[in-house]
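> Provide a 3D model corresponding to the input given below.
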Amino acid sequence: MKKEKTLLLALPVLLGFFVMGFCDIVGRASDYVQEAFGWSNAVTGLVPSMVFIWFLLLGVPAGVAMNRWGRKNTVLVSMAITIVGMIIPLLLYNSATCMVAFALLGIGNAILQVSLNPLVKNVLTNERLLASALTAGQVVKAVSSFVGPYILLLGVNALGGGDAGRWYYCFPIMGAITLLSAAWLAATPLPREERAGKDGTSLAGSLALLGDRTILVLFLGIFFVVGVDVAMNFISSKVMITRFAWGKEADIAPQLYFIARTAGALLGAFLMTRVAGRVYFKWSIATAIAALLLLALGKGETTSLAAIAAVGFSCSCIFSIIYAMAVTARPDKTNEVSGLMITAIAGGAVVTPVLGLAMDAAGIEGGIAVILACACYLAWCAFGIPARKREGDVLA
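Next comes the predicted model:
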């Protein structure tokens, strides 16, 4: 009965991860926005920035605010912001309101990522299962990312009568799902975390946690694992185009990477109930480095696609493992640590420009070398942090 009750409490939390995946729709939506308003590539490039810049700006402040509001309330606030963003273009549709909608989607998503991950701890008392549960959440998020383009098409075809100019009709669909998630979570009586004391709940106090060597190493681990993920999405199709003169069929490469990543997260959620997260981390990053070396050296189409898939599969659980390592390293500062870790998602915005410069200077091999350097740091992260000795610890 206890397990059944835990599952019932976990379901509305896991649905929140589906809402978390909505930010990934921005990539496909930007094409519709550009066509609708006749924007240049430069202006259209601001659309993803309007979503993802908030992870850098709001990660730590949201963690601080969560100490006052509570994790569940902070999740509900994030969903309320998302719902408002989804309504605005329906009331007044123009380029400015669409930018505001994307900004509110990003703000809500940044706060959601800060608060939803630690909310999992309110449901699961067994810390050994934390990495597995967080990985299960990432599976749900991955499913949301996968169906995002179909939600966009559903809005255009079912609500917009097939008119691509009404692409923004996907917003009420996402808003309705967010409202359902918020209502279910609000109606679910979750155990509440202990109130944090005054010490360390300020912005400065949160940033001071980076003085803890373990937290700093794990912060950079999040930074670089997100960098690997974004960089692989960016470079995978270009590998096939540059090496093998593929055309539109090169789109299969990032799709394969995404499918392998989802499968890896699903398998990881199962295996990490039986294997310690730190051990799984070591296996995963060693496999990823081997796959990247194969990608750098491989000459055949099949070999390159297999290497791309292997990187996605092996890196799929690393974010969740590092996050779990961080919050269990400082359980007294879970909210602040969560804010720091989500801020590190900005690594995706930093690594990709470096990747582009490396590709200009040394071709595809230069870009792969940048990803390999990120993976080598993750290997040092996996093998270099002393394990905590507490029984049942996910870091053991």
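
> What average pLDDT does stretch 360-367 get?
The pLDDT scores in stretch 360-367 average 90.

> ok, residues contacting that stretch?
Under the criterion C-beta atoms under 8 Å, 6 or more residues apart in numbering, residues Ala231, Ile235, Lys238, Val239, Thr242, Arg243, Ala296, Leu355, Gly356, Ala358, Met359, Ala369 lie in contact with stretch 360-367. C-beta here means a position set from N, CA and C on the backbone, and glycine is covered the same way.

> Pull out the CA atoms of that stretch and give them to me as PDB.
This file holds the C-alpha atoms of stretch 360-367, laid out as PDB (Å, rounded to 0.1, in the frame of the first residue of the first chain):
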ATOM      1  CA  ASP A 360      35.400  26.900 -38.900                       C
ATOM      2  CA  ALA A 361      39.000  26.300 -37.900                       C
ATOM      3  CA  ALA A 362      39.300  22.500 -38.200                       C
ATOM      4  CA  GLY A 363      36.200  21.200 -39.800                       C
ATOM      5  CA  ILE A 364      33.900  18.500 -38.300                       C
ATOM      6  CA  GLU A 365      36.800  16.900 -36.400                       C
ATOM      7  CA  GLY A 366      37.400  20.200 -34.600                       C
ATOM      8  CA  GLY A 367      33.700  20.300 -33.500                       C
END
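
> Mind giving me the PyMOL command for buried ones among the contacts of stretch 360-367?
Applying 16 or more other C-beta atoms under 10 Å to the contacts of stretch 360-367, the buried members can be selected in PyMOL as follows:
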select buried, resi 231+235+238+239+242+296+355+356+358+359
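
> closest to Asp332 among the contacts of stretch 360-367?
Using C-beta to C-beta, Ala231 comes nearest to Asp332 of these, at 34.4 Å.

> Could you say which helix or strand holds that closest one?
Using DSSP states H and E, Ala231 sits in helix 213-244.

> Flag every buried residue along that helix.
Of all the residues in helix 213-244, those buried under the rule 16+ other C-beta under 10 Å are 214-215, 217-242.

> One more: stretch 277-284?
So for stretch 277-284, counting by 16+ other C-beta under 10 Å, buried means Gly277, Arg278, Val279, Tyr280, Phe281, Ser284.

> what do you get for stretch 139-155?
Residues Val139, Val140, Lys141, Ala142, Val143, Ser144, Ser145, Gly148, Ile151, Leu152, Leu153, Gly155 are the ones in stretch 139-155 that count as buried (16+ other C-beta under 10 Å).

> I'd say the fifth one and Val19 touch.
No. Taking C-beta atoms under 8 Å as the definition, Val143 is not a contact partner of Val19, at 11.9 Å.

> Helix or strand next in line after the lowest-mean-pLDDT helix or strand in the chain, which one?
The helix or strand of the chain with the poorest confidence is helix 41-44; it has a mean of 68 (mean pLDDT, DSSP states H and E). Sequence order places helix 46-69 as the next helix or strand after helix 41-44, per DSSP H and E.

> Quick check: next helix or strand after that following helix?
Using DSSP H and E, the next helix or strand after helix 46-69 towards the C-terminus is helix 71-91.

> Mind giving me the packing neighbours of that next one?
Packed against helix 71-91 by the contact rule (3 or more C-beta pairs under 8 Å, 6 or more residues apart in numbering; DSSP states H and E) you find helix 2-20, helix 46-69, helix 95-123, helix 170-187.

> still on that earlier bit, tell me which two of the buried residues of stretch 139-155 sit farthest apart.
The span of the buried residues of stretch 139-155, defined through C-beta to C-beta, is set by Val139 and Gly155 at 24.5 Å.

> shaky segments in the stretch 201-350 of the chain?
Flagging of the stretch 201-350 of the chain using pLDDT under 70 yields the residue ranges 201-202.

> Show me the helices in it, by range?
For the stretch 201-350 of the chain, applying DSSP state H, counting those that start in this stretch gives helices covering 203-208, 213-244, 252-271, 277-297, 301-315, 318-329, 334-343, 347-384.

> Indicate which one of those is closest to Met66.
helix 334-343 (4.5 Å).

> Give me the contacts around that closest one.
Helix 334-343 is contacted from outside by 55-56, 59-64, 66-67, 71, 110, 113-115, 117-118, 121, 193, 196, 200-201, 205-207, 209-210, 215, 218-219, 222, 322-323, 326-327, 329-330, using C-beta under 8 Å, 6+ apart.

> Narrow these to those that are buried.
Using 16+ other C-beta under 10 Å, the buried ones in these are 55-56, 59-64, 66-67, 71, 110, 113-115, 117-118, 121, 193, 196, 200-201, 205-206, 209, 215, 218-219, 222, 322-323, 326-327, 329-330.

> picking that back up, direction-wise, compare the helix holding Ala231 with helix 318-329 and give the angle.
Counting by axes from the mean of the first three to the mean of the last three C-alpha atoms, to 10 degrees, helix 213-244 points 180 degrees away from the direction of helix 318-329.
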